[in-house]
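>>> here is my input, please return the structure:
(4 chains)
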4 protein chains.
Amino acid sequence: MSDSIKKPSWKEKLHEIIYEADTKQGKFFDVILLIAILASILLVMLESVESFDNEYHTLLNIGEWIITIFFSIEYVLRIVSIKKPFKYIFSFYGIIDLLSTIPKYLSFILIGSHNLVALRALRLLRVFRILKLGRYVGASNKLLLALNASKAKIAVFLFFVSIVCVILGTVMYMIEGAENGFTNIPKSIYWAIVTLTTVGFGDIAPQTPLGQLIASVIMILGYSIIAIPTGIVSSEMTKTDAEIDTNTQSCPTCLKEKHTKGATFCHNCGSILN
Amino acid sequence: MSDSIKKPSWKEKLHEIIYEADTKQGKFFDVILLIAILASILLVMLESVESFDNEYHTLLNIGEWIITIFFSIEYVLRIVSIKKPFKYIFSFYGIIDLLSTIPKYLSFILIGSHNLVALRALRLLRVFRILKLGRYVGASNKLLLALNASKAKIAVFLFFVSIVCVILGTVMYMIEGAENGFTNIPKSIYWAIVTLTTVGFGDIAPQTPLGQLIASVIMILGYSIIAIPTGIVSSEMTKTDAEIDTNTQSCPTCLKEKHTKGATFCHNCGSILN
Amino acid sequence: MSDSIKKPSWKEKLHEIIYEADTKQGKFFDVILLIAILASILLVMLESVESFDNEYHTLLNIGEWIITIFFSIEYVLRIVSIKKPFKYIFSFYGIIDLLSTIPKYLSFILIGSHNLVALRALRLLRVFRILKLGRYVGASNKLLLALNASKAKIAVFLFFVSIVCVILGTVMYMIEGAENGFTNIPKSIYWAIVTLTTVGFGDIAPQTPLGQLIASVIMILGYSIIAIPTGIVSSEMTKTDAEIDTNTQSCPTCLKEKHTKGATFCHNCGSILN
Amino acid sequence: MSDSIKKPSWKEKLHEIIYEADTKQGKFFDVILLIAILASILLVMLESVESFDNEYHTLLNIGEWIITIFFSIEYVLRIVSIKKPFKYIFSFYGIIDLLSTIPKYLSFILIGSHNLVALRALRLLRVFRILKLGRYVGASNKLLLALNASKAKIAVFLFFVSIVCVILGTVMYMIEGAENGFTNIPKSIYWAIVTLTTVGFGDIAPQTPLGQLIASVIMILGYSIIAIPTGIVSSEMTKTDAEIDTNTQSCPTCLKEKHTKGATFCHNCGSILN
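So this is what the prediction gives:
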């Protein structure tokens, strides 16, 4: 688009600003959007603090309207500037943009409704927008690569943790019983998760010596097996780093890649590398 | 068995479906079994929630019977289709299958017995079956390999942690004493484990300045030595990954090792690899 | 300065002792300074313990005056012995030195003031001086190198953790509500951070089954994603270590790289390295 | 000693059994000793449980006497069988052996003394003996090597953690104050350690919004910097493992060691390796 010779239309210009971040205006727009999203999240938070809401209700309300209008304009511009508006409207971010914009309008209609809290929270969905802006940060891509590579192993680990929590939770339910806070199996499993993950709220704690012995086993288990996800991700990241250590050049004869740095002969066809 | 020319008997067919996962029916059977196990675990959990059990007792009872009958049929078929039934019956999974199937029948005989809770929990043993199904997941084998290789080091670590907890638990018992919740040495050791593993329930907490100082030492120790199991598993996994990526053959000309998998020429001298 | 032939003036000598650690006296001064800083920190701590302060008030006061006078003299000598005094006075450590010295003098003027606690805490700023002394420890430089290299990735991780806490905190606020301690969104986010980081104070804990289910998800998430910063730093340190052990020159004959430090001949072709 | 032709005296035989583990009897003695130590630790623990001690006092007393006599005989035999008895008596393990044996005899003399608890705990010192037996486990040596190599870095880390806790603890003392449980600076520092290490007892928890904000920062900091000791140990262990990857052969010409596995030429003198 930016390579075309004919002067871009205002729609094309708008598209470049809103959807791309290559130009100065595009970057500026993204920064403004980020500030607006953070401001809107802050507003929803402050509104939930009763004492603050009582004192500064009008101020918060004005802030909400400014941001709602800003997001409304942004939403309309996004639809206008894109060639296939419906593709945007029904995309994940399109729906989030709509849902996070309408609450204020709905609160206008449904004034006094008890669903207001749920409506307000919808505005928080804008936080996902930030995640999208995150794609500009190169480091996050490397992280995602490493996480993606270790997906299967982490799933196996989480599955194992779940089974351990089910078994140990049930055992604790039978040992401690309802009189010590382990009122049913789901709650005991919840306690086992709290303990295995080393969170330890302390709202439920074993009272019998046998229960405390098994709790000790769960804790030491949890303390030790945290090494597993850590080991998975560490080795995956070391590997990703090592791949940067292999050459990026491909053999001039057979086009094979991934030569060890400093290799003089292609490990595939034997011809001399540059 | 699948290579034999003569048509397989129904016993052989059944064996293939139940014990193997190569055929379409075998995989289907495993999926059905997995769903049945998960359903049976869910039922035991829900039964333990008193309010839920009171309301939907009949429904839960019907569900239990359906699953019990399903597992009974499975158990009989497993015995029938195998050549050496006693080897299965007295195997680990054979005993688990039996123990997790009979509780409902026993509750029929021992109606009103106070051992019902323990009986119900027996059904949860089926969860181990899932672990067996887990062998199909390749990632779990790699994990087990790495864990197996670091077994000795982790045992030494756990042993060291145990001794530290015994010593520090006793010290805390002497400093804080029964009046601050450290009523006896086993309980103090339990507290030391809770603290060292960074769980921190808070049901027992040191009150004296000296006790809090030693607690600080335990916490910082626990926070630091978690690096040990993590380091063990990380280095083991890095090693396992590296071994998979290179092959073990050495160049017949220059004896250089660690060639990339699938290399046809030595990356060092350029001569052809075997 | 130490290479100059003409006899150094007393100012130059003083500069060498106070600002450098190459000479015997310089090292001695740093050790004395370290002890004085630790003593001053200890004094501020003990003063804050009411029972201790009541009993040993005079002793603590004398101690404070001794240290204040020591730091005053040090401050004056630092200004006197440096060529550009204003550069020191307005540097980070210059300001800290001043701020941590004046509280005792101010308490002399503002006797009985209720700002005394804040004034006392100013003395604790001296702790930063220790950080400066830390530059002599080689290990801390390696650590900082590894941390610096993983800065971008850790920022992305912390950003992701923040967003997760905002979203899950809000969800918990809507599920549990004010009656279970989740009085407003900021407090719920605080709880989400307490839970995700596996701290688990237990001052706020979910009561509803759905809340406990989501809490379980947060805990397992927190337990798993701790692998990410760990993996980042581990791989970075492995890389840093590997770089230190090999030199960067390549063999002039065969172009092979990664020779062991101090190697005189290429381990690949046997020709002499530069 | 075992190579000598003349028949060994009974003292030499005894020395072999007690101090060495090469012979069958030596290993047997170590196992018996290990069991006796574990039994003595168990006895001290059970004695501290009041309800258990009341019921089985005589049994525990008999057990104590049996073990005390066993350790007394062992102590005498150790002195008798060694050539330089005083070297053993005043060694670390010699003193521990004596201190852990005498409490029962002292309780005989000081009957009814209130120092009995402290005396009993002396018996627990035997646990250190187990650590000595641990030298037979090869894995523990590898662990100690890796830990030793990362000593300096971990010291820097612990020092940094201490300073952070001192600063943040003081800040929390000023923000929250005595009315929210932060009664003095040492206690606030204790709380900062509890929080930073992700233990989170919950006996003290911030109540003010600003306090909770800073607590959040401490928790996320603690959650992130746990990556540092982990990264240190991981990279150290990976390095130790990698050293096993270098050749153990030394160059026949220049005696230089640590050749890369598969190297054909010495990296030092250029002569051909075996």
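>>> separation between A:Phe52 and A:Asn61?
Separation of A:Phe52 from A:Asn61 (Cβ to Cβ, to the nearest Å) stands at 13 Å. No exception for glycine: its C-beta is placed from N, CA and C like everyone else's.
>>> let me fix that: A:Trp191
43 Å.
>>> same check, this time on A:Val44
Taking Cβ to Cβ, one finds A:Val44 at 13 Å from A:Asn61.
>>> who has more neighbours out of those two?
A:Val44 (23 against 15; other Cβ atoms under 10 Å in any protein chain shown).
>>> so that one is in contact with A:Leu125, correct?
No - assessed by Cβ atoms under 8 Å, A:Val44 is found out of contact with A:Leu125, at 10.3 Å.
>>> how's chain A carved up into domains?
Using automatic domain parsing, the domain parsing of chain A gives A:10-132, A:148-237.
>>> relative to chain B, which of those domains is closest?
domain A:148-237 (3.4 Å; Cβ to the nearest Cβ).
>>> show me the shaky parts of chain A.
Along chain A, segments meeting pLDDT under 70 span A:1-7, A:21, A:110-120, A:131-140, A:241-274.
>>> what parts of it come near chain D?
A:Thr198, A:Val199, A:Gly200, A:Phe201, A:Gly202, A:Thr230, A:Ser234, A:Thr238 (Cβ under 8 Å from any Cβ of the partner chain).
>>> of those - the most surrounded one?
Neighbour max across the residues of chain A next to chain D (other Cβ under 10 Å) = A:Ser234, 36 neighbours.
>>> how about the contacts made by that one?
B:Thr230, B:Ser234, B:Met237, B:Thr238, C:Ala227, C:Thr230, C:Gly231, C:Ser234, C:Ser235, D:Ser234 (Cβ atoms under 8 Å, 6 or more residues apart in numbering or on different chains).
>>> can you do 6 Å?
When contacts are counted by Cβ atoms under 6 Å, 6 or more residues apart in numbering or on different chains, A:Ser234 touches B:Ser234, C:Gly231, C:Ser234, D:Ser234.
>>> kindly export the helix or strand encompassing it (C-alpha atoms) in PDB.
Applying DSSP states H and E as the criterion places A:Ser234 in helix A:227-245. Backbone C-alpha positions of helix A:227-245 (Å, rounded to 0.1, in the frame of the first residue of the first chain) are rendered in PDB as follows:
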ATOM      1  CA  ALA A 227      11.400 -28.200  39.200                       C
ATOM      2  CA  ILE A 228       9.600 -30.000  36.400                       C
ATOM      3  CA  PRO A 229       7.800 -27.000  34.600                       C
ATOM      4  CA  THR A 230      10.900 -24.900  35.300                       C
ATOM      5  CA  GLY A 231      13.200 -27.600  33.900                       C
ATOM      6  CA  ILE A 232      11.000 -27.900  30.800                       C
ATOM      7  CA  VAL A 233      11.000 -24.200  30.000                       C
ATOM      8  CA  SER A 234      14.700 -23.700  30.900                       C
ATOM      9  CA  SER A 235      15.900 -26.500  28.600                       C
ATOM     10  CA  GLU A 236      13.500 -25.200  25.900                       C
ATOM     11  CA  MET A 237      15.000 -21.600  26.200                       C
ATOM     12  CA  THR A 238      18.500 -22.900  26.200                       C
ATOM     13  CA  LYS A 239      17.700 -24.800  23.000                       C
ATOM     14  CA  THR A 240      16.200 -21.700  21.400                       C
ATOM     15  CA  ASP A 241      19.300 -19.800  22.300                       C
ATOM     16  CA  ALA A 242      21.500 -22.600  20.900                       C
ATOM     17  CA  GLU A 243      19.700 -22.400  17.600                       C
ATOM     18  CA  ILE A 244      20.800 -18.900  17.300                       C
ATOM     19  CA  ASP A 245      24.300 -20.400  17.600                       C
END
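>>> the domains of chain A into CSV, with extra columns for distance to D:Ser150?
Shown next, in CSV, are the domains of chain A (distance: least, Cβ to Cβ, whole Å):
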stretch, distance to D:Ser150
domain A:10-132, 36
domain A:148-237, 15
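>>> just name the most buried of the ones you listed.
domain A:148-237 (a mean of 22; mean count of other Cβ atoms under 10 Å in any protein chain shown).
>>> mind checking the end-to-end distance for that domain?
11 Å (Cα to Cα, to the nearest Å).
>>> how far away is A:Ser91 from A:Lys11?
For A:Ser91, the distance to A:Lys11 - Cβ to Cβ - is 19 Å.
>>> how about A:Val217?
Noted for A:Val217: a distance of 66 Å to A:Lys11, by Cβ to Cβ.
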